[in-house]
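Asks: Provide a 3D model corresponding to the input given below.
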Amino acid sequence: MDAASSHKTIAFHTLGCKLNFSETSGISRLLENEGFVRKDFDEVADVYVINTCSVTDNADKECRYLVRRIRRQAPDSSVVIMGCYAQLKPAEIAAIPGVDLVLGAAEKFNLARHLHDLVPGGPAKICSCDIESVTGFHPSYSLGDRTRTFLKVQDGCDYSCAFCTIPMARGASRSDSVAKTVQTVRQLSDRGDVREIVLTGVNLGDFGRVPDGAGTTETFFQLIKALDTIDGIDRFRISSIEPNLLTPEMIDWTAASRRFMPHFHIPLQSGSNHILGGMRRRYKRELYAERVHRIKSVMPHCAIGVDVIVGFPGEMDEHFRETVDFLVDLDVSYLHVFTYSERPNTKALDITPVVPIAVRNERNKILRNLSYRKMQDFIRRHQGQTRKVLLEGHVKTSMMEGYTDNYIKVTTPYRQEWANRILDWQL
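Replies: Now for the predicted structure:
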């Protein structure tokens with residue numbers, strides 16, 4: 001009996017983005033193929049794996065909390081930490097009592113092999129946490145966790161935004177080919193139970209850069225046009241795309257698409273050109289507004305989500321007011337608001353003045369309130385319409401949820417015959 005076979009049960013917990021969820025699901029299936037039995041994270045298991053994020057300080061703190069919880073719940077288990085936090089701060093994680101293995105970005109898909117060699121209870125082992133080793137592309141997708149399937153088609157980033165550690169955590173931009181991605185989607189289609197696929201990546205619009213620095217051979221536009229021809233998948237969504245990579249041609253094509261939903265999530269980060277320059281973003285607010293206006297001119301019903309960061313160094317009251325005024329006037333549907341937090345080895349640390357934490361939190365609250373008003377207005381504008389809703393197949397209460405094509409949330413009492421089905425729904 002080898003070392004891995006003694007670890008029959010394994011539990012996963014994912015922190016962070018849809019990309020992390022797709023990778024956790026893919027790695028979990030690899031482990032099940034090796035003979036492991038997946039358990040819920042709240043159950044006692046032989047191995048616990050935490051797939052971490054490091055976009056905010058909260059993700060770091062949550063990782064530490066989870067390790068302590070595991071030690072109380074299953075003191076004889078093994079604990080593996082992987083993901084962005086593991087890549088960025090391996091020594092810090094290895095020093096957390098109870099951690100047995102830290103896997104960098106290049107090794108997380110080799111988890112099964114590492115578990116064969118793992119000896120619980122000794123010093124934490126660190127594997128491949130140098131960014132130079134992060135070169136290959138590992139496709140992955142979520143399955144069974146939610147009605148929607150998150151499909152990773154791109155990884156890494158070549159941008160150098162002043163606030164971001166992701167290029168240091170995930171390496172250079174790289175992706176699979178259009179042909180291989182189409183093959184994966186056809187396999188998902190053949191299952192018969194996948195209704196919607198959400199395309200995910202770090203910088204999704206940069207799709208086409210092949211691994212190991214061999215250049216760009218294909219484009220994201222080519223990918224989505226190829227996916228639109230596949231029968232058996234009712235819906236596709238683009239999880240997030242940079243405004244400078246969302247071309248007018250792509251917008252017009254989506255408006256006429258057979259399967260791509262009228263829903264874009266477009267990071268803004270700030271409505272002030274001064275702050276955008278300090279952030280080292282690759283566009284100005286005028287381009288962002290132009291993209292939104294283009295979308296609404298061809299798809300008035302389209303949902304548009306926006307990422308915004310508040311409290312970036314140098315953001316004075318007048319810069320924040322620019323952001324608020326810009327968003328108030330912009331026809332967008334909801335905001336994802338992030339409070340800036342200092343990250344090691346980022347350019348933002350050299351920018352002054354530093355915005356006080358209390359001011360950051362107050363600005364966050366202001367934009368969250370604006371987001372609520374924006375979403376309520378978007379919903380009101382569609383009241384009385386009949387739209388297609390995909391209802392979730394899983395239920396934890398007596399209610400079930402779903403989303404319209406343009407991302408309006410619907411909640412209704414659970415009915416088995418509606419699970420994982422697309423229905424006409426009057427809003």
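
Asks: quick one: low-confidence ranges for the stretch 251-400 of the chain?
Replies: Applying pLDDT under 70 to the stretch 251-400 of the chain picks out residues 393-396.

Asks: repeat for the stretch 1-150 of the chain
Replies: Looking at the stretch 1-150 of the chain by pLDDT under 70, you get 1-7, 55-60, 121, 128-134, 145-146.

Asks: can you map out the helices along it?
Replies: Assigned by DSSP state H, counting those that start in this stretch, the helices in the stretch 1-150 of the chain fall at 18-33, 57-73, 84-88, 90-94, 111-117.

Asks: between the second one and helix 18-33, how many degrees?
Replies: If you take axes from the mean of the first three to the mean of the last three C-alpha atoms, to 10 degrees, helix 57-73 sits at 30 degrees to helix 18-33.

Asks: which residues are contacting helix 57-73?
Replies: With C-beta atoms under 8 Å, 6 or more residues apart in numbering as the test, helix 57-73 has contacts from 13, 15-16, 42, 44, 48, 50, 52-54, 77, 79, 81, 85, 89, 93, 96-99, 341. Heads up, the C-betas are built off the backbone N, CA and C, glycines and all.

Asks: now the element after the biggest helix by length in the chain, going C-ward?
Replies: Across the chain, the longest stretch assigned as helix under DSSP state H is helix 357-381. Per DSSP states H and E, the first helix or strand lying C-terminal to helix 357-381 is strand 386-391.

Asks: tell me the strands beside that following strand, with direction?
Replies: strand 399-404 (antiparallel), strand 422-426 (antiparallel) (DSSP bridges).

Asks: which of those strands sits closest to residue 8?
Replies: Residue 8 sits nearest to strand 399-404 of all the strands paired with strand 386-391, at 33.4 Å, using C-beta to C-beta.

Asks: in that closest one, what's buried?
Replies: By 16 or more other C-beta atoms under 10 Å, the buried positions in strand 399-404 come out as 400-404.

Asks: and that strand, how far from the chain's centre?
Replies: 20 Å (C-alpha atoms, centre = their mean, to the nearest Å).

Asks: ok, stretch 298-316 next?
Replies: 16 Å.

Asks: compute the first-to-last residue distance for that stretch.
Replies: Taking C-alpha to C-alpha, to the nearest Å, stretch 298-316 runs 36 Å from one end to the other.

Asks: coming back round to it: for the longest helix of the chain, buried residues please.
Replies: 360, 363-364, 367, 370-371, 374-375, 378.

Asks: turn those into a markdown table, including distance to residue 337.
Replies: Formatted as a markdown table, the buried residues of helix 357-381 follow (distance: C-beta to C-beta, whole Å):
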| residue | distance to residue 337 |
| --- | --- |
| 360 | 11 |
| 363 | 9 |
| 364 | 5 |
| 367 | 4 |
| 370 | 9 |
| 371 | 7 |
| 374 | 12 |
| 375 | 13 |
| 378 | 17 |
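
Asks: between those residues, which is nearest residue 144?
Replies: residue 375 (29.1 Å).

Asks: number of residues surrounding the closest residue in space to the closest one that isn't next to it in sequence?
Replies: Leaving aside its sequence neighbours, residue 375 sits nearest to residue 334 (C-beta to C-beta, 6 or more residues apart in numbering; 4.6 Å). Applying other C-beta atoms under 10 Å, we find 19 residues neighbouring residue 334.

Asks: distance check, residue 334 against residue 206.
Replies: Plainly put, residue 334 is 24 Å away from residue 206 if you go by C-beta to C-beta, to the nearest Å.

Asks: what does residue 412 give?
Replies: As for residue 412, its distance to residue 206 is 38 Å (criterion: C-beta to C-beta).

Asks: who's more crowded, those two?
Replies: A direct count of neighbours by other C-beta under 10 Å for residue 412 and residue 206 places residue 206 higher, at 22 against 14.

Asks: report how many residues lie close to residue 186.
Replies: Look at residue 186: counted by other C-beta under 10 Å, it has 14 neighbours.

Asks: got the buried residues for the helix or strand in which it is found?
Replies: Using DSSP H and E, residue 186 maps to helix 178-191. For helix 178-191, the buried set under the neighbour-count rule, 16+ other C-beta under 10 Å, comprises 178, 181-182, 184-185, 188.

Asks: check stretch 68-79 too.
Replies: Within stretch 68-79, the residues that count as buried by 16+ other C-beta under 10 Å are 70-71, 74, 77-79.

Asks: enumerate every residue touching the nearest residue to residue 336 once chain neighbours are set aside.
Replies: In space, and not counting its chain neighbours, residue 336 is closest to residue 307: 4.9 Å by C-beta to C-beta, 6+ apart. When contacts are counted by C-beta under 8 Å, 6+ apart, residue 307 touches 240, 265-269, 335-336, 338.

Asks: could you pull out the strands for the stretch 251-400 of the chain?
Replies: With strands called from DSSP state E, counting those that start in this stretch, the stretch 251-400 of the chain shows them at 263-269, 303-310, 334-339, 386-391, 399-404.

Asks: can I get these in a markdown table including distance to residue 167?
Replies: Output for the strands of the stretch 251-400 of the chain, formatted as a markdown table (distance: least, C-beta to C-beta, whole Å):
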| stretch | distance to residue 167 |
| --- | --- |
| strand 263-269 | 15 |
| strand 303-310 | 17 |
| strand 334-339 | 17 |
| strand 386-391 | 34 |
| strand 399-404 | 31 |
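
Asks: out of those strands, nearest to residue 22?
Replies: Of these, nearest to residue 22 by C-beta to C-beta is strand 263-269, at 15.9 Å.

Asks: run the angle between the closest one and strand 399-404 for me.
Replies: 80 degrees.

Asks: list the strands paired with strand 263-269, with their directions.
Replies: strand 303-310 (parallel).

Asks: got the angle for the strand it pairs with vs helix 357-381?
Replies: Here strand 303-310 runs at an angle of 170 degrees relative to helix 357-381 (the same axes, to 10 degrees).

Asks: any idea how far residue 90 is from residue 401?
Replies: On the measure of C-beta to C-beta, residue 90 and residue 401 end up 38 Å apart.

Asks: mind listing residues that contact the longest helix of the chain?
Replies: 303, 308, 310-311, 315, 320, 323-324, 327-328, 332-340, 408, 427.

Asks: do that again at 7 Å, thanks
Replies: Contact with helix 357-381 is made by 303, 308, 310-311, 320, 324, 327-328, 332-335, 337, 339-340, 408, as judged by C-beta atoms under 7 Å, 6 or more residues apart in numbering.
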